[in-house]
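# sequence and predicted structure, then a few things I'm wondering about:
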2 protein chains.
Amino acid sequence: MPPTPSTFLNGVPELLVLRLLRDREMYGYELVQAIREASADQLTFAEGVIYPLLHTLERDGALSTRRQTINGRSRVYYSVTPTGRERFDALSAHWRTLTGAIANVLEAPRHA
Amino acid sequence: MPPTPSTFLNGVPELLVLRLLRDREMYGYELVQAIREASADQLTFAEGVIYPLLHTLERDGALSTRRQTINGRSRVYYSVTPTGRERFDALSAHWRTLTGAIANVLEAPRHA
DNA sequence: TTGACATACCTATCACCGCAAGGCATATAC
DNA sequence: GTATATGCCTTGCGGTGATAGGTATGTCAA
């Protein structure tokens, strides 16, 4: 029984979305591909993951939205709010702490 | 709404259990504390996480067990089987790939 | 013009897994 | 004698990624 496809990915979509939106505003469909491209196809999160996440983050005040119609198609652009920025900083720090601790356990010479 | 306590931890208990048991056989109660100690209290997984995981890994053939009674208390020692070793190697490789990819996205200068 | 594909949004349902909170039993120490 | 540590276990909840849909418009080739 191989590991689930989502192994090690808990919380990662949120971390990456906040990270990418920190650089510039983007819309959902764009984010889906930006994540894939920024990770050289190593990370792929489908729309069914990204859209609900964006809605949650907006509801929590971490993101703000701006609607715009381009070529007859409507886009919803997301930006990081100060709250979202704090959230990213906290998440990012948590990420570094955990991965550091895990790396130490994995690489330790031996566990008596 | 702060992140869940389990953010970024999906799959980590399995990774650490297999890693620790790679060095030597251990019993469940011992593993709970070994993880905490090996990570300098950064990672703590309670018995409600570790025991079911051990049962699953044994059922999947990744671990083998040996029962022993010591001081009137019975212990169940777990060892990694060849299947478990392969599983650890795969998990470990997956872990490195993902964390590497995520690090790249996080640390990239800017995302056009 | 029709059909395929990309764009762009959305939702509902499922499966998995860490977490919390218990329960049971024995040994040791105060 | 009762608290603490040891050592095993289970049930139920909640969060979240995965899957698999649905709707609509624009573009491009057959």
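Thanks, I have the structure now. Numbering: from 1, shown residues only, chains lettered A, B, ... in the order given.
# A:P5: which element?
In this assignment (DSSP states H and E), A:P5 forms part of neither any helix nor any strand.
# count the neighbours of it for me.
By other CB atoms under 10 Å in any protein chain shown, the residues close to A:P5 number 7. Just so you know, the C-beta spots here come from the backbone N, C-alpha and C atoms, and that holds for glycine as well.
# same question for A:E58.
16.
# surely it is in contact with A:V76?
No. A:E58 lies out of contact with A:V76 (CB atoms under 8 Å); the separation is 9.2 Å.
# anything in contact with each of the two?
Jointly contacting A:E58 and A:V76 under the rule CB atoms under 8 Å, 6 or more residues apart in numbering or on different chains are A:T65.
# how about the residues of chain A by DNA strand D?
Residues of chain A found near DNA strand D (CB under 7 Å from any atom of the strand) are A:4-6, A:9-14, A:45-49, A:52-53, A:56, A:71-73.
# what's the PyMOL line that selects buried ones from these?
Buried subset of the residues of chain A next to DNA strand D, written as a PyMOL selection, criterion 16 or more other CB atoms under 10 Å in any protein chain shown:
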select buried, chain A and resi 9+10+11+12+13+14+45+49+53
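# so of the residues of chain A next to DNA strand D, which ones are in strands?
A:R73 (DSSP state E).
# near DNA strand C too, which of the residues of chain A next to DNA strand D?
Among those, DNA strand C is touched by A:4, A:47-48, A:52, A:71, A:73 when using CB under 7 Å from any atom of the strand.
# quick one: A:R22 and A:D41, what's the gap?
Separation of A:R22 from A:D41 (CB to CB, to the nearest Å): 22 Å.
# more neighbours, the two?
A:R22 (16 against 9).
# so what's the more buried one up against?
Per CB under 8 Å, 6+ apart, neighbours of A:R22: A:80, A:85, A:88.
# which residue comes closest to the second one once chain neighbours are left out?
Nearest residue to A:R85, sequence neighbours excluded (CB to CB, 6 or more residues apart in numbering or on different chains): A:R22, at 7.1 Å.
# how about TSV for the contacts of A:R22, with pLDDT and neighbour count added?
Below are the contacts of A:R22 laid out as TSV (pLDDT from 0 to 100; neighbours: other CB atoms under 10 Å in any protein chain shown):
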residue	pLDDT	neighbour count
A:V80	98	23
A:R85	97	14
A:F88	98	20
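# could you list the low-pLDDT ranges of chain A?
Across chain A, the ranges flagged by pLDDT under 70 are A:1-2.
# quick check, central residue of it?
A:L16 (2.6 Å; CA atoms, centre = their mean).
# so that one is in which element?
A:L16 belongs to helix A:12-23, assigned by DSSP H and E.
# pull the CA atoms of that helix into PDB?
Provided in PDB are the C-alpha atoms of helix A:12-23 (Å, rounded to 0.1, in the frame of the first residue of the first chain):
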ATOM      1  CA  VAL A  12       1.500  23.300   1.700                       C
ATOM      2  CA  PRO A  13      -1.100  24.800  -0.700                       C
ATOM      3  CA  GLU A  14      -1.800  27.600   1.800                       C
ATOM      4  CA  LEU A  15       1.900  28.200   2.300                       C
ATOM      5  CA  LEU A  16       2.600  28.400  -1.400                       C
ATOM      6  CA  VAL A  17      -0.400  30.500  -2.300                       C
ATOM      7  CA  LEU A  18       0.500  33.100   0.300                       C
ATOM      8  CA  ARG A  19       4.100  33.100  -0.900                       C
ATOM      9  CA  LEU A  20       3.200  33.600  -4.500                       C
ATOM     10  CA  LEU A  21       0.700  36.300  -3.700                       C
ATOM     11  CA  ARG A  22       3.200  38.100  -1.600                       C
ATOM     12  CA  ASP A  23       5.000  39.000  -4.900                       C
END
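# I'm done for today, thanks for sticking with me.
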